[in-house]
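Enquirer: 3D model of this:
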Amino acid sequence: MPAFKNFGEGKRWGRRQFLQAGLGGAVLVGAAGSYHWQNQRSRQLVRVPPLPTDTPTYGNGINPMQALRDFDYGTVKQENGRTVREFRMIAGTSPLQLNSAVSYITWNYNGRVPGPTLRAREGDRIRVLFLNQGGHAHTIHFHGIHPSNMDGVRPISNGKAFIYEFDAVPYGLHLYHCHIAPVTRHIGKGLHGVLIIDPKEGRSPADEIVLVMNAYDIKDRQRNDLYAFNGLPHYYMRHPIPIYQHQLVRLYLLNMVEFDPALTFHIHANFFRVYPTGMVLKPTHEADVITMGTAERHILEFAYPYAGKYMFHPHQDAIAEAGCMGMFDVIPQST
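Expert: Have a look, this model is predicted:
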């Protein structure tokens with residue numbers, strides 16, 4: 001790849017330049033550098049059940065069961081003595097089968113809703129090669145700290161490309177989304193995702209999973225009709241999430257539901273430790289229900305002492321029954 005000199009200036013690129021530079025090829029998910037910050041011994045302490053192999057995608061670009069633990073660490077490079085993580089993001093349009101009666105046209109990143117879970121370490125340099133093939137102007141706005149020309153509010157026209165580059169600070173659980181007006185519509189149609197920045201010292205070993213609460217305004221009346229975890233209504237009710245008994249689970253939870261002022265999140269038969277916005281290394285409190293406004297997010301940690309199947313959902317029952325509901329399948333430790 002050529003060593004471009006104007007990344008930090010937010011240089012715009014045409015689609016042909018983008019492809020000629022080798023940036024428009026296949027999307028790399030979890031490319032070089034897909035590893036946790038803990039050492040090998042620490043990783044061996046974590047037990048993660050094998051994923052079911054027969055779960056459908058219903059048109060989503062990735063199986064939602066895989067999306068739980070699919071972390072994209074980018075392509076890792078060393079430049080001027082520091083680590084650079086390069087990610088490729090393509091905005092597109094594709095249908096998603098929300099239920100037996102509803103096929104919904106999504107606007108998305110890398111063909112999936114939510115977009116890929118990007119992950120870096122505090123102090124890394126993040127470089128996002130963005131190509132817009134979505135048919136509308138789109139952007140990527142990252143929550144965090146960065147210069148104004150990297151803020152993702154300048155429209156990138158269809159067929160054009162842009163390179164976002166900034167330092168991975170501060171550590172915590174962040175997000176990204178399109179910031180083209182009406183922003184609610186662009187987010188609601190699927191243009192959102194998670195950005196995790198790990199602290200330099202890392203966190204304790206755990207089975208780590210990501211859940212994004214989102215919703216769909218099917219009738220285009222600024223009111224949600226269906227709700228989901230990780231893009232598909234009721235998916236984790238039909239296909240419960242396997243976790244091991246007594247295993248510490250670290251849940252990265254993000255609320256990306258528009259129109260509803262706030263959602264709650266509740267797990268059955270257990271309590272979780274709360275790390276607000278993931279920006280603390282010690283929990284602030286324990287609860288079994290937490291309330292989050294739109295774009296609010298927290299890290300929750302818990303372990304189940306008993307095997308069995310346990311529900312999780314917002315405690316607004318109408319929202320849960322409209323699709324935002326799932327189950328943990330806690331597998332006995334002896335299996």
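Enquirer: For Phe328, which residues are in contact?
Expert: Residues near Phe328 by CB atoms under 8 Å, 6 or more residues apart in numbering: Pro240, Ile241, Pro242, Ile243, Ile267, Tyr304, Lys309, Tyr310, Phe312. (C-beta placed from N, C-alpha, C; glycine too.)
Enquirer: what's the weakest-modelled helix or strand in the chain?
Expert: helix 40-44 (a mean of 48; mean pLDDT, DSSP states H and E).
Enquirer: Give the rounded mean pLDDT of the helix or strand following it.
Expert: For helix 40-44, the succeeding helix or strand toward the C-terminus, using DSSP states H and E, is helix 64-67. Helix 64-67 comes out with an average pLDDT of 95.
Enquirer: contacting residues around helix 64-67?
Expert: By CB under 8 Å, 6+ apart, helix 64-67 touches 51-52, 55, 57, 60, 112, 114, 117, 210, 229-232, 235-236, 239, 241.
Enquirer: how far does it sit from the chain's center?
Expert: 11 Å (CA atoms, centre = their mean, to the nearest Å).
Enquirer: any idea which helix or strand comes after it?
Expert: Next along from helix 64-67, by DSSP H and E: strand 71-72.
Enquirer: and that following strand, what other elements does it pack with?
Expert: strand 117-121 (3 or more CB pairs under 8 Å, 6 or more residues apart in numbering; DSSP states H and E).
Enquirer: May I see the buried residues of the strand it packs on?
Expert: Under the neighbour-count criterion of 16 or more other CB atoms under 10 Å, strand 117-121 has Thr117, Leu118, Arg119, Ala120, Arg121 buried.
Enquirer: can you pull up the bridge partners for the fourth one?
Expert: Okay, so that is Ala120. Ile197 (DSSP bridges).
Enquirer: and Phe259, what does it touch?
Expert: Thr184, Gly188, Ala215, Asp217, Gln222, Arg223, Asn224.
Enquirer: In strands only, show me the contacts of Phe328.
Expert: Ile241, Pro242, Ile243, Ile267, Lys309, Tyr310, Phe312 (DSSP state E).
Enquirer: you'd agree the fifth one is up against Ala269?
Expert: Pointing back at Lys309 there. No - in this structure, Lys309 is not within contact of Ala269 by CB atoms under 8 Å, at 10.0 Å.
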